[in-house]
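**Student:** 3D, please:
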Amino acid sequence: MQHFPALPAFEFDDKILNQGAEISRKLDQLRLEKFPPNARKTLRQFSMAEVAHYLGVSPNNLKRLHLEGKGPVPTTASGGRRFYTAEQMQELRLFLDRTGKAEAKKYVPHRKPGDKLQVIAVVNFKGGSGKTTTTAHLAQHLALTGHRVLAVDLDPQASLSALHGFQPELDRNPSLYDAIRYDEQRKAIADIVMPTNFPGLDIIPANLELQEYEYDTPLAMQGGGEGRRFFTRFGKALAELDERYDVVVVDCPPQLGYLTLTALTAATSVLITVHPQMLDLMSMSQFLLMLGNITRTIKQAGADVRMDWLRYLITRYEPQDVPQVQMLGFMQSMFAEEILKSPMLKTTAISDAGLTKQTLYEVDRAAFTRETYDRAIECMDAVNFEIQGLIHRVWGRL
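**Tutor:** Prediction:
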């Protein structure tokens, strides 16, 4: 029998701290290489076809405007193709809204007096359901279609923040914890909002300090006062920003803790991401039962948990996978009206874009095979336009 030397014991905390620091250093190096000179994300230009798609007009209309010398001047590439920056897309939207006929479609979909702020909580108890991917793409899509959007990263792991170019342990950025903490160091929420590379989209990044809220709240509850109504803190903070945004999209942590409950109490609607497999459905069942019981308890304590809508988004869906198709049918037999008609198909485009900390809306189509990219973006747009339709219905719009 061959003998091997015994494995030496090691100090666990030292090892994981060193490894965490090394990963962080390498990621920052990649960030500096990808986004020089200040390591902040920029945003590509959009083709005339893309701009027309998100404005809701025909490419011929945009071409006519350019030829008539109206609106912002696009960049003209070889072959005569025209490209606009995201800022120019906003200028075009304002120009079309200002010069269009009164009875024509409005191109600036901002809230009107009486329209309430829409707060969408994206939740799932199980990691890997596509929650952060969904949140990022929904927030960016709403910004591209003219809404004023705030994304809130409530997950201490800060994946949504990373997708938008933030590296919490190095950037020392604030988090929502700074606006909802219980001591005298609490800040105004307006002071922790950060701009992103998408015009019209701001973010409140996350960091590990968010986890402190899970420890502080039980202690605050024992002391009475503010702690007993912990679930109102996020909603009260958002009220200070009410006039600045149309939609707030919240990426909740994959656990049913105080942060998630605080977000759900502030929410006007809930989007639950679910992968159509038996283990994921079983996990979601337990999540819903626990959530319902806890929500009922805080409702009795005075929480307002009425929602405008609840929808399930099927993620990483493979139509050729027979068990997944059967599982989707099983779910539809129970609550068909509350499952989004557009599932998010499984695609390599999303994971490939993620390798460079980008979303489908950021990557250049030329980076993929045309079929792969077009299939992915068409699917993503279908999901997000459906959710946008729900938001507009709440505001009484068709």
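**Student:** which residues of the stretch 251-398 of the chain fall in helices?
**Tutor:** Assigned by DSSP state H, counting those that start in this stretch, the helices in the stretch 251-398 of the chain fall at 258-266, 278-300, 322-335, 348-354, 370-394.
**Student:** Pick out the shakiest of these, pLDDT-wise.
**Tutor:** Sorting those by mean pLDDT places helix 278-300 lowest, at a mean of 85.
**Student:** and it, which residues are buried?
**Tutor:** 280, 283-284, 287, 291, 295, 298 (16 or more other C-beta atoms under 10 Å). Where C-beta positions appear, they are placed from N, C-alpha and C, glycine not excepted.
**Student:** For Tyr215, see how far away Val73 is.
**Tutor:** Using C-beta to C-beta, to the nearest Å, Val73 is found at 54 Å from Tyr215.
**Student:** just the helices of the stretch 251-398 of the chain: most buried one?
**Tutor:** Most buried of the helices of the stretch 251-398 of the chain, by mean neighbour count (mean count of other C-beta atoms under 10 Å): helix 258-266, with a mean of 24.
**Student:** which other residues reach it?
**Tutor:** With contact meaning C-beta atoms under 8 Å, 6 or more residues apart in numbering, helix 258-266 is reached by 119, 121, 123, 152, 154, 180, 210, 213-214, 217, 230-235, 238, 250, 252-253, 270, 291, 294-295, 298, 303-305.
**Student:** which element follows the worst-scoring helix or strand of the chain on mean pLDDT toward the C-terminus?
**Tutor:** Lowest on mean pLDDT, DSSP states H and E among the helices and strands of the chain sits helix 12-34, with a mean of 69. Sequence-wise, the next helix or strand downstream of helix 12-34 (DSSP states H and E) is strand 46-47.
**Student:** excluding its backbone neighbours, what's nearest the most centrally placed residue in the chain?
**Tutor:** Nearest to the mean C-alpha position of the chain, by C-alpha atoms, centre = their mean, lies Thr135 at 2.2 Å. Leaving aside its sequence neighbours, Thr135 sits nearest to Asp251 (C-beta to C-beta, 6 or more residues apart in numbering; 4.1 Å).
**Student:** ranges for the strands of the protein?
**Tutor:** 46-47, 75-76, 82-84, 118-123, 149-153, 194-195, 201-204, 247-251, 269-274, 309-314 (DSSP state E).
**Student:** Tyr54: which of those is closest?
**Tutor:** Tyr54 sits nearest to strand 46-47 of all the strands of the chain, at 7.8 Å, using C-beta to C-beta.
**Student:** What mean pLDDT does that closest one get?
**Tutor:** 94.
**Student:** Could you list the domains of the protein?
**Tutor:** 17-104, 118-394 (automatic domain parsing).
**Student:** Just tell me which of those domains ends up closest to Lys112.
**Tutor:** Using C-beta to C-beta, these put domain 118-394 closest to Lys112, at 10.0 Å.
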